[in-house]
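Chemist: quick one: sequence plus predicted model below, questions after.
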Amino acid sequence: MSAARREPQRTCIGCREAAGKQGLVRLVRAPEGALAVESPGQRLPGRGAYLHRNRSCWEHALEGATIGKALRMSPKSGDLEGLRLYLETIPNSGAEEA
């Protein structure tokens, strides 16, 4: 009988808490320098960083240089605006999913 496979753990760049990879959203710096949000089931090439699917983690990551440091890049204003638009799609819930 084989042991159950464990889910890989990643650290949220917003709150710095570890969580299962499936419960996080991956941001990707593509090889050509573009910044993208990975859709569930998608696997984009490039350097990645993870965030919980809650507003507080996204707001914290967007307010400083957190995203740039994690992805080792200087995000363009258009990239950050795209992330802010994505933030608006995340439901504002009283109970955080961290």
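Modeler: Here it is on my side, so go on.
Chemist: can you show me the helices along this protein?
Modeler: Remark: helices assigned in the chain by DSSP state H are 55-63, 66-71, 77-87.
Chemist: buried set for the shortest one?
Modeler: Read it as helix 66-71. Across helix 66-71, burial judged by 16 or more other CB atoms under 10 Å covers Thr66, Ile67, Gly68, Ala70, Leu71. Using the backbone N, CA and C atoms, a C-beta is placed for each residue, glycine as well.
Chemist: redo those residues as JSON lines? Include pLDDT and distance to Leu51.
Modeler: Shown next, in JSON lines, are those (pLDDT from 0 to 100; distance: CB to CB, whole Å):
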{"residue": "Thr66", "pLDDT": "95", "distance to Leu51": "9"}
{"residue": "Ile67", "pLDDT": "96", "distance to Leu51": "9"}
{"residue": "Gly68", "pLDDT": "95", "distance to Leu51": "14"}
{"residue": "Ala70", "pLDDT": "96", "distance to Leu51": "9"}
{"residue": "Leu71", "pLDDT": "96", "distance to Leu51": "12"}
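Chemist: low pLDDT regions in the protein?
Modeler: 1-2, 93-98 (pLDDT under 70).
Chemist: at 80 instead, please
Modeler: 1-3, 93-98 (pLDDT under 80).
Chemist: closest to Asp79 among the buried residues of helix 66-71?
Modeler: When the buried residues of helix 66-71 are compared for distance to Asp79 (CB to CB), Ile67 wins out at 8.6 Å.
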